[in-house]
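Peer 1: model the structure of this input:
(2 chains)
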Amino acid sequence: MLDIKFIVDNVDWVKKSLGKKGFPAEKVDELVQTFYDMNKLKTSSQSLAEEKNKLSNSIKSASNEERPAIIAKSKEVGEQFKAEQEKLSELEAKFNDMMLRMPNYPSEDSPEGPDDSANVVSRKVGELPHFDFTPRDHIELMEINDWSEMERIAKVSGSRTYAIKNDLAQLELAIHMMVMDKLRANGFTLITVPAISKEKPLYNQGYLPFARDEIYYMPADDIYLSGTAELILNSLRADEMLTEAELPILYAGFSPCFRREAGAAGKDTRGLVRVHQFFKTEQFVICKNDIEESEKWHKKLLQISEEVLQDLELPYQVLEVCTGDMGAPKYRQYDLEAWVPSQNCYRETHSCSNITEWQARRTNLRYRANDGKVRFCHTLNNTGIATPRALVPFIENHQQADGTVRIPAKLQPYMGGKKFIGKNAK
RNA sequence: GGAUAGAUGGCCGAGUGGUCGAAGGCGCACGAUUGGAAAUCGUGUGUACCCCUAAAGGGUACCGUGAGUUCGAAUCUCACUCUAUCCGCCA
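Peer 2: Below you'll find the predicted structure:
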């Protein structure tokens, strides 16, 4: 959510800036007009309230003769007040809804463009693999190594689910353990969080009202399944009054994640790339309201994720996401994409975002600054690692001619010292 | 699932129909005192919004949430949410 005062004072700039995200300028005008209408009504209903209060207060000291007339007058003013209030709350509801749909403004130096075609590759890191044999895709590798139960689990749990076993199951957990250790070494608090959430946190995060189709909902309990630990961590400190001294707060959140993938019909239907349920270790930062500070943390989060991919010895590229592709909450977004040999392209493994104060305003995530003022925090989030998707580039890049998969040195301690996994591994 | 108790400011806590935005304490800020500190004393200290502003000022709302009673609600009524404790069940 943006600051309405900021919008009103900078209408043209806001139109231009949100326009980069495809947000129509007319909606900014409509919002501003609604705000003015609302204030006008507020002013008139407040003076009615004032009159009503004055009358009420005078009743106690009034004489018995005066009293009935004052009560009658007060009743009348009360009726008028009530009518104005009803109009006002309608207008307020409209205004609040518009505010919730207003995206964050993107950074001035984010690339501009309508969709992912305008994303900019800012660098590529690591050598692409050269195979002196015909490489297999991850599905084939899972089959020959007895690593999965993909057909059977589809019968039990439906499409876009996965069951992996043996060394691959161990690998999935080992990668998370490795990432959690790295995050702890960087000062993050490891925290495991629920995969279920009430509705309000979804608005806080900025997932609602934008993407209801993407979220699993359980009506019997009026509860939602979380698509990411970011959802939970963003609201964990909601409505508290933090102090500047306790910032930044760094969370490494681990949770199952659920996504309906409603808009992805036909995409990545086979294998581990896009599934309804997965595990993610998430990086989440709450810092003070200072763009230099949050940009610093944004870079830091990116660096940590790059190190993760480097430790996993995966070739990757860093994408600077353009204004049209970055989504409503974001001020600046980097994506990391790891090389997937069978698809001959890079696929997203990490998404690193600076949300500035947009999320904190919705969440009422505040702190008392050293100068005594209350400010909204800045929040940032980035994937630590998400599996099973990360396993796809992993086993494809590290595959050997005999179908085994090499384990990079940094990961070996988490795999019981194994250097290779697979049926033919010794 | 059953039964009780509770929800008030940055924190603790008083307040059962009217000058209550809310006593008192803690914390915090500033000042006095001090060679400096502690202790002590004094003063100040909520959030959001509206009007008016050069500044000051005035007003409205907010005591878990929502509705209701009343001229008037932190206080009374109803519903809901959440928290704590006990019992039951349970990975």
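Peer 1: secondary structure element for residue A:384?
Peer 2: Residue A:384 belongs to strand A:378-387 when elements are defined using DSSP states H and E.
Peer 1: and that strand, what does it pack against?
Peer 2: With contacts defined as 3 or more CB pairs under 8 Å, 6 or more residues apart in numbering; DSSP states H and E, the secondary structure elements packing on strand A:378-387 are helix A:166-185, helix A:229-236, strand A:277-287, helix A:291-311, strand A:345-356, helix A:358-363. Heads up, the C-betas are built off the backbone N, CA and C, glycines and all.
Peer 1: go again with 6 Å.
Peer 2: If you count contacts as 3 or more CB pairs under 6 Å, 6 or more residues apart in numbering; DSSP states H and E, strand A:378-387 packs onto helix A:166-185, strand A:277-287, helix A:291-311, strand A:345-356.
Peer 1: next structured bit after it?
Peer 2: Using DSSP H and E, the next helix or strand after strand A:378-387 towards the C-terminus is helix A:391-397.
Peer 1: hey, C-alpha coordinates of that following helix in PDB?
Peer 2: Below are the C-alpha coordinates for helix A:391-397, written out as PDB (Å, rounded to 0.1, in the frame of the first residue of the first chain):
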ATOM      1  CA  LEU A 391      16.700 -30.700  -8.000                       C
ATOM      2  CA  VAL A 392      16.000 -30.400 -11.700                       C
ATOM      3  CA  PRO A 393      19.100 -28.300 -12.700                       C
ATOM      4  CA  PHE A 394      21.000 -30.100 -10.000                       C
ATOM      5  CA  ILE A 395      20.700 -33.700 -11.200                       C
ATOM      6  CA  GLU A 396      20.800 -32.700 -14.900                       C
ATOM      7  CA  ASN A 397      23.900 -30.600 -14.700                       C
END
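Peer 1: related to what we said a few turns ago, okay, the angle between the strand holding residue A:384 and strand A:345-356?
Peer 2: Angle, strand A:378-387 to strand A:345-356, by axes from the mean of the first three to the mean of the last three CA atoms, to 10 degrees: 150 degrees.
Peer 1: give me the number of residues near residue A:366?
Peer 2: Counted with other CB atoms under 10 Å, residues neighbouring residue A:366 total 20.
Peer 1: wait, doesn't it sit right on residue A:373?
Peer 2: No: with the criterion set as CB atoms under 6 Å, residue A:366 and residue A:373 do not qualify as a contacting pair; they are 10.1 Å apart.
Peer 1: between the helices and strands packed on strand A:378-387, which gets nearest to residue A:155?
Peer 2: Closest approach to residue A:155 among these is made by strand A:277-287 (16.1 Å; CB to CB).
Peer 1: helices or strands next to that closest one in the packing?
Peer 2: helix A:166-185, helix A:229-236, strand A:249-258, helix A:291-311, strand A:378-387.
Peer 1: restricting to C-alpha, output stretch A:25-37 in CSV.
Peer 2: Output of stretch A:25-37 as CSV, limited to C-alpha atoms (Å, rounded to 0.1, in the frame of the first residue of the first chain):
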residue,chain,number,x,y,z
ALA,A,25,-3.6,6.5,-14.9
GLU,A,26,-7.4,7.0,-14.7
LYS,A,27,-7.4,4.8,-11.6
VAL,A,28,-5.0,7.1,-9.9
ASP,A,29,-7.3,10.0,-10.7
GLU,A,30,-10.3,8.0,-9.5
LEU,A,31,-8.5,7.2,-6.3
VAL,A,32,-7.6,10.8,-5.6
GLN,A,33,-11.1,12.0,-6.4
THR,A,34,-12.5,9.4,-4.0
PHE,A,35,-10.1,10.6,-1.4
TYR,A,36,-11.3,14.2,-1.8
ASP,A,37,-14.9,13.2,-1.7
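Peer 1: what number of residues lie near the residue nearest to residue A:378 when sequence neighbours are not counted?
Peer 2: Distances taken as CB to CB, 6 or more residues apart in numbering put residue A:294 closest to residue A:378, at 3.9 Å, once the chain neighbours are dropped. Residues lying near residue A:294 (other CB under 10 Å) number 25.
Peer 1: I am finished for the moment; much appreciated.
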